[in-house]
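1. I'd like to go over a predicted model; first the sequence, then the structure.
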Protein chains: 4
Amino acid sequence: AARPRLNAKTTMEELKATRLITALKTPYLPNGKFDLVCYDEFLEDQIENGVEGVIVGGTTGEGQLMSWDEHIMLIAHTVNTYGREIKVIGNTGSNSTREALHATEQGFNVGMHASLQINPYYGKTSEAGMKQHFLRAMDLGPAMIYNVPARTGQDITTDIMESIAGHNNFIGVKECEGNERIAYYTSKGISCWSGNDDEAHDARHEAGAVGVVSVTSNVIPGIFSKLMGDEAQPELNQKVQNLISWLFKEPNPIGINTCLSMTGQVKPVFRLPYVPYSKEMREEGLELLKELGADVKGHEIMKAMEDSDFVILDSF
Amino acid sequence: AARPRLNAKTTMEELKATRLITALKTPYLPNGKFDLVCYDEFLEDQIENGVEGVIVGGTTGEGQLMSWDEHIMLIAHTVNTYGREIKVIGNTGSNSTREALHATEQGFNVGMHASLQINPYYGKTSEAGMKQHFLRAMDLGPAMIYNVPARTGQDITTDIMESIAGHNNFIGVKECEGNERIAYYTSKGISCWSGNDDEAHDARHEAGAVGVVSVTSNVIPGIFSKLMGDEAQPELNQKVQNLISWLFKEPNPIGINTCLSMTGQVKPVFRLPYVPYSKEMREEGLELLKELGADVKGHEIMKAMEDSDFVILDSF
Amino acid sequence: AARPRLNAKTTMEELKATRLITALKTPYLPNGKFDLVCYDEFLEDQIENGVEGVIVGGTTGEGQLMSWDEHIMLIAHTVNTYGREIKVIGNTGSNSTREALHATEQGFNVGMHASLQINPYYGKTSEAGMKQHFLRAMDLGPAMIYNVPARTGQDITTDIMESIAGHNNFIGVKECEGNERIAYYTSKGISCWSGNDDEAHDARHEAGAVGVVSVTSNVIPGIFSKLMGDEAQPELNQKVQNLISWLFKEPNPIGINTCLSMTGQVKPVFRLPYVPYSKEMREEGLELLKELGADVKGHEIMKAMEDSDFVILDSF
Amino acid sequence: AARPRLNAKTTMEELKATRLITALKTPYLPNGKFDLVCYDEFLEDQIENGVEGVIVGGTTGEGQLMSWDEHIMLIAHTVNTYGREIKVIGNTGSNSTREALHATEQGFNVGMHASLQINPYYGKTSEAGMKQHFLRAMDLGPAMIYNVPARTGQDITTDIMESIAGHNNFIGVKECEGNERIAYYTSKGISCWSGNDDEAHDARHEAGAVGVVSVTSNVIPGIFSKLMGDEAQPELNQKVQNLISWLFKEPNPIGINTCLSMTGQVKPVFRLPYVPYSKEMREEGLELLKELGADVKGHEIMKAMEDSDFVILDSF
């Protein structure tokens, strides 16, 4: 009875107070398997630079290209290694309710602190179906709801969101529909995280967002930590807009994958259907990275690379 | 050497000449497993009414809710049972290239005649990535490419399509972007099937489409067979527009699932995130079905049903 | 209604009359996947030489090294390609009842004619548990029961066998405990197939066995077809004993895998934990194969091979 | 850099010094899923009574009835919850080398301290194959080798064992072939754990074993902790022989499953092919449990139960 609890636990309050959450890049070995040595080093650096939570296997981390076997393993690995220091949010959503529920249950069983839940993309469904989907997923544990119509083909309307926001395990929204929507939710007491890096600073300091689920913080975690701080940082925010713009010139995570290969933080291995930016775009990006100097890990060694440096895999 | 080949085989020419393809509904037992007895009866009726090909596990057949284990089994079952009479097209695409290639290889190994390939929905990718995705899938066997931006969040542009259309295994396009696009492709020698039931008659008789991949033909295969015949049938086409409109009031396959439950052709079992139409909408649909009389199988017994008649499942 | 049934079907009577069943070798490509081109050619040759049925993914075919995904695909492939000519028996048993039932259901769904069911090896169970295991598996379709205590660590006693033999779907027994046991079962009206190639001729002609489930018929199908014929062939039987003895010097399928690599019928690819016979043993076997002359397919080109000719794989 | 390592780590020395290892029972819910609430309480009690390590998903824990998805999850759960207090050994062996390697890699990725590796049961292989199998598995991390010919049908001979014992990751042997074999290994510097509860006390105090991998310690962990202590306890050892004998009257884990249901420590749920002991045997066991009094958790409420109290499942 007097033994300390040694497992990774958190609370709804702590989850709702997590400002900087990185949608973590998943690094690969040349054989296509996860590069966990790289992953751990990468995550150490994230933590040292102020990242407070991570999405494991988000769209950025290419959960859509993982077997669930890999995905749950990565969540468990993250919990075991860093779950006592940061919030571990598993992207265990799916367009199949069965899959979402099973993966979410597995994720909680291995210790994740919260799940990220998506509305049924591609297959889509009715409002009534969407509510059922989310409510049953939230029954399993704390959940952040993710709205990204440009990917899913279907908006989670404010009506739907408000109808499910009363659930005990509702943390809040990762919202990509802009700061007006975020301001509205904030006015209703619904916690928000911006899903758009270019708007995230303003989302936090003007629209009431708690923070951001960020792609860009994979490469400049320290800067994003400042942007999510207590004070607004309009100049710093302005300074990173060009890099952000470059990172999203093609569907994410193509930009960030290319970028982290260039800085040497990950091996230049791509799982199809992702392929790196062209040489021309990489050279453009290199200039933008140089402007940020030592805030970019790997700035001393980064380069535009040759096309032949990249490994592109369709089976692994 | 003189033994006849007894397996299910076809040719690119036959595939390109298949006019009426049903995106087949997958019927379930109350425990959520496939109802194969019902499936076979349903498919017999489809064949007797002029259906020449089927998509197994399309979005209508809820491939997105199947394990691959179930999905490949259903393709194999269909090949074994009816593959010597109709074209069996497996929806073995995926937003993960690895998954698409593996499933497509499995599908061809069990005898399917062609695959349906989708661009990477949700995860999305660049043009270069999309081309790689399709070309590698086509290397495995005949493929129809499916363009449905309202689901995938990303158009397969005519540029992309034309860049891959020269592949030996390119059958053609299931196109949901309208008859103007179809007319353009036809002018370029690219075979098309309409993916929109309301426009399918005109696609065939005015825009040069080979035929249709139809949802509505699940319920009125005989009428759709006539609409895809040698002669235009503008009056018949007009007659079914209200039913078509009703079937798509919520994201497909909610309408067709509700409809076939009402006609008694399948058990009223839904896999989440799909839930049936409301009672009010079902009553509306019942009137539309009555107008079509004996062309609707089950017309003698069909009814609006009670909400409590439906089984809604989240695990199975 | 007048349409002929075109799928692969059979009857209990036909199954019970199948004399020569090959426990089919699964050939691999150098990447470890199935070599289906080789498989089909191999099976054509088997059929032309009198093989009437096959076990797909038996211990000889290394079902124990397959994912179920691969295993069910191979069953479906076999049904589609040759299921209208021979009996296709899927080794869908398992020491896990859940797995056995699921795989057996999948196998029947894709058209296999019968399953081979094993008692729970390694995990073992009580008599009551074993009966439940078999009875539930037989509820799904025709089943042959496989008794091989040297592998399972547990005999299916005659008491247990007789207690389940009344099930409608009980075909009979593949028995490795010898011809006395087979004679006993025969006296009780239970159909038997010998599981020991060295005793199979006598099992059929003296102990009343229907036939054999043979490993050796992978390499000399024509001879085994004669051994299972209407007339006893004691001299021919004597002639093949040395080869049989050589094939089982190490646990099957090591011998047959080595042998078929030597004759060139399959690529010399091994999935671990199997490794080929030593060079010395291969040279010994080559002499035995030469004695059988043209009855061995590949006799013109067969050789002892070098160790470096073999590919040994632990992942694929 | 100054941050403490918070993950679950151990060393070869600590692993080799672990005396009492329970082959942990996996408790189920009536729907057949794992009862993790029960599991955690059970494990707390084990720890409080001196258990220093656990095998997760051993034959006792019915790893043979788990999907790998379940199995790896249970290992990860155990690591996260108790991996900082006890040694977590995952039974990630398999008769398929591919499966063994994949599961073992997954297990280490989620933090397990060591794997338990079995020789290829049922499929069996040659000595050369067996060595390859073990050596490749040990390349992935610390491993205990498990020899149980009564289950596998094949002895891991002392020759084989000694040929692999030099591997850096070789912890030692879980040996079921008796104390003479253990004494021999001890003389060769190979660490041993008895796999036979009835002989374990003597194995430790007379034959040089480090300790035991115990089934019986699921029900009387405190007593087994004393038996594995620094001093021999011949009387205590004698006292538990009748219970041990009763627990193994049918293949393990039937006895321990029945026993823990009777004591109320787990819900009376069986996954087939396991079924509980008969009422008569249960009554016999109840008397034996009573003799041990307060050393049996649940002794105040334990009972023989009715057959109808048990839930027997074949799918879940």
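-> The structure has been received and is ready for your questions.
2. For the stretch 101-250 of chain A, just list every one of the helices.
-> In the stretch 101-250 of chain A, the segments counted as helices under DSSP state H, counting those that start in this stretch are A:127-138, A:149-152, A:158-164, A:179-187, A:197-205, A:221-227, A:234-247.
3. Identify whichever of the ones you listed lies nearest to chain B.
-> Evaluated with CB to the nearest CB, these place helix A:127-138 nearest to chain B, the distance being 4.2 Å. From N, CA and C alone the C-beta is placed, and that goes for glycine too.
4. got the contact list for that closest one?
-> A:93, A:97, A:100-101, A:104, A:115, A:117, A:119-120, A:125, A:143, A:145, A:154, A:156-157, A:159-160, A:163-164, A:167-170, B:254, B:272-275, B:312, B:314 (CB atoms under 8 Å, 6 or more residues apart in numbering or on different chains).
5. And stretch A:152-169, by the same measure?
-> Contacts of stretch A:152-169 (CB under 8 Å, 6+ apart): A:12, A:118-122, A:124, A:127, A:130-131, A:134-135, A:138-143, A:145, A:147, A:149, A:170, A:173, A:177, A:181, A:184-185, A:188, A:190, B:121-122, B:149-153, B:251.
6. which of the residues you listed are buried?
-> A:118-122, A:124, A:130-131, A:134, A:138, A:140-143, A:145, A:147, A:170, A:173, A:177, A:181, A:184-185, A:190, B:121-122, B:151-153, B:251 (16 or more other CB atoms under 10 Å in any protein chain shown).
7. Any chance of CSV for the helices of the stretch 101-250 of chain A, columns mean pLDDT?
-> Shown next, in CSV, are the helices of the stretch 101-250 of chain A (pLDDT from 0 to 100):
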stretch, mean pLDDT
helix A:127-138, 98
helix A:149-152, 97
helix A:158-164, 98
helix A:179-187, 98
helix A:197-205, 98
helix A:221-227, 98
helix A:234-247, 98
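8. would you list these in CSV and tack on distance to residue D:33?
-> As requested, the helices of the stretch 101-250 of chain A are exported to CSV (distance: least, CB to CB, whole Å):
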stretch, distance to residue D:33
helix A:127-138, 16
helix A:149-152, 30
helix A:158-164, 26
helix A:179-187, 36
helix A:197-205, 40
helix A:221-227, 38
helix A:234-247, 42
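9. Tell me which of these sits nearest to residue D:297.
-> With CB to CB as the measure, helix A:127-138 is the member of the helices of the stretch 101-250 of chain A nearest residue D:297 (35.7 Å).
10. Hmm, residue A:293 is touching residue A:302, no?
-> No - counting by CB atoms under 8 Å, residue A:293 stays clear of residue A:302, with 11.1 Å between them.
11. More neighbours: the two, which one.
-> residue A:302 (20 against 8; other CB atoms under 10 Å in any protein chain shown).
12. Near the residue lying closest to that one once chain neighbours are set aside, how many residues? Count them for me, please.
-> Distances taken as CB to CB, 6 or more residues apart in numbering or on different chains place residue A:263 nearest to residue A:302, at 4.4 Å, with adjacent residues excluded. For residue A:263, the neighbour count with other CB under 10 Å is 20.
13. For the stretch 1-150 of chain A, which segments are assigned as strands?
-> A:20-23, A:53-56, A:87-90, A:114-118, A:143-147 (DSSP state E, counting those that start in this stretch).
14. Can you add distance to chain D and mean pLDDT and give these back as TSV?
-> Listed next are the strands of the stretch 1-150 of chain A as TSV, based on distance: least, CB to the nearest CB, whole Å; pLDDT from 0 to 100:
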stretch	distance to chain D	mean pLDDT
strand A:20-23	18	98
strand A:53-56	13	98
strand A:87-90	10	98
strand A:114-118	15	98
strand A:143-147	19	98
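15. Could you say which one of the ones you listed comes nearest to chain B?
-> Once the strands of the stretch 1-150 of chain A are compared by CB to the nearest CB, strand A:114-118 is nearest, at 8.1 Å.
16. How far does that closest one sit from its chain's centre?
-> 11 Å (CA atoms, centre = their mean, to the nearest Å).
17. Give me the residues contacting it.
-> A:15, A:55, A:58, A:87-95, A:100, A:104, A:107-108, A:133-134, A:137-138, A:140-146, A:148, A:152, A:171, A:174.
18. Adjacent strands (with direction) for it?
-> strand A:87-90 (parallel), strand A:143-147 (parallel) (DSSP bridges).
19. In that strand, which residues are buried?
-> For strand A:114-118, using 16+ other CB under 10 Å, the buried residues are A:114-118.
20. For the residue in the stretch 201-316 of chain A positioned nearest to chain D, give its distance to residue D:198.
-> Residue nearest to chain D within the stretch 201-316 of chain A: residue A:316 (12.6 Å; CB to the nearest CB). Per CB to CB, to the nearest Å, residue A:316 is found 48 Å from residue D:198.
21. show me where pLDDT drops low in the stretch 1-150 of chain A?
-> Counting by pLDDT under 70, the stretch 1-150 of chain A shows low-confidence ranges at A:1-5.
22. who in it is up against chain B?
-> With CB under 8 Å from any CB of the partner chain as the criterion, the stretch 1-150 of chain A meets chain B at residues A:59, A:62, A:64-65, A:95-98, A:101-102, A:120-126, A:128-130, A:132-133, A:136, A:149-150.
23. one more time with 6 Å, if that's ok
-> Selection of the stretch 1-150 of chain A residues close to chain B by CB under 6 Å from any CB of the partner chain yields A:59, A:64-65, A:95-98, A:101, A:120-126, A:128-129, A:132-133, A:136, A:150.
24. Enumerate the residues of the stretch 201-316 of chain A near chain B.
-> A:250-251, A:254, A:272-275, A:314-315.
25. Please check these and keep the buried ones.
-> A:250-251, A:254, A:272-275, A:314.
26. Which of those residues fall in helices?
-> Among those, the residues falling in helices (DSSP state H) are residue A:254.
27. Number of residues surrounding the closest residue in space to residue A:211 that isn't next to it in sequence?
-> Closest residue to residue A:211 apart from its sequence neighbours, by CB to CB, 6+ apart: residue A:19 at 3.4 Å. Residue A:19 has 20 neighbours, counted by other CB under 10 Å.
28. hang on, isn't residue A:19 packed against residue A:209?
-> No - under the criterion of CB atoms under 6 Å, residue A:19 is not in contact with residue A:209, lying 9.0 Å apart.
29. Would you mind naming what in chain A lies close to chain D?
-> A:6-7, A:73, A:76-77, A:79-81, A:84, A:106, A:109-111.
30. hang on, isn't residue A:26 packed against residue A:61?
-> Yes - contact criterion CB under 6 Å: residue A:26 and residue A:61 qualify, at 4.4 Å.
31. want to try a markdown table for the strands of the stretch 1-150 of chain A, with distance to residue A:41 as columns?
-> Formatted as a markdown table, the strands of the stretch 1-150 of chain A follow (distance: least, CB to CB, whole Å):
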| stretch | distance to residue A:41 |
| --- | --- |
| strand A:20-23 | 14 |
| strand A:53-56 | 14 |
| strand A:87-90 | 17 |
| strand A:114-118 | 24 |
| strand A:143-147 | 26 |
